[in-house]
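A.B. asks: this one's structure only:
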């Protein structure tokens, strides 16, 4: 639940941003939770869509949110989760560039983790 207090000196996008960040910190929003679409949240709060979009964008830059195109915006958790996803994506891109199949790529990860014997 997000509320906007027009009597505050804090800009509405900052209020949205801070309230979402606080909900992530206190566990009310957890990694993987989907946030409402920008337009719907903006309409619910009586704000312009660009105001909510700015808050989402800044939270994404800080690593708290992850926007997945048409799938929506999700809580990404902490920076460790984000860094791990980025590392995995970079590994997959490298494996593809080397011409490895998905099976070969997974087998290398399993070997590195000690799940299967070398």
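C.D. replies: Everything's here; your move. Here the structure is a predicted model, which is why all the values come from computation and not from measurement. Residues are numbered from 1 along each chain as shown.
A.B. asks: what's in contact with stretch 32-46?
C.D. replies: With contacts defined as Cβ atoms under 8 Å, 6 or more residues apart in numbering, stretch 32-46 is touched by 2-4, 12, 16, 20, 29, 47-49, 51-53, 56, 65, 72-75, 77. For the C-beta atoms, the positions are set from N, CA and C on the backbone; glycine is no exception.
A.B. asks: what mean pLDDT would you report for that stretch?
C.D. replies: The average of the pLDDT scores along stretch 32-46 is 96.
A.B. asks: for the chain, give me the ranges with low pLDDT.
C.D. replies: Counting by pLDDT under 70, the ranges of the chain that qualify are 77-82, 118.
A.B. asks: tell me, which helix in it spans the most residues?
C.D. replies: In the chain, assigned by DSSP state H, the helix with the most residues is helix 79-97.
A.B. asks: going by neighbour count, which residues in the next helix or strand after that one are buried?
C.D. replies: The helix or strand immediately downstream of helix 79-97 is helix 102-113, counting by DSSP states H and E. Residues of helix 102-113 classed as buried: residue 105 (neighbour count, 16 or more other Cβ atoms under 10 Å).
A.B. asks: ok so, going back, list buried residues within the contacts of stretch 32-46.
C.D. replies: Neighbour counting with 16+ other Cβ under 10 Å marks 2, 4, 12, 16, 20, 29, 47, 51-53, 56, 65, 73-75, 77 as buried within these.
A.B. asks: what angle do helix 102-113 and the longest helix of the chain make with each other?
C.D. replies: Put simply, helix 79-97 runs at 130 degrees to helix 102-113, going by axes from the mean of the first three to the mean of the last three Cα atoms, to 10 degrees.
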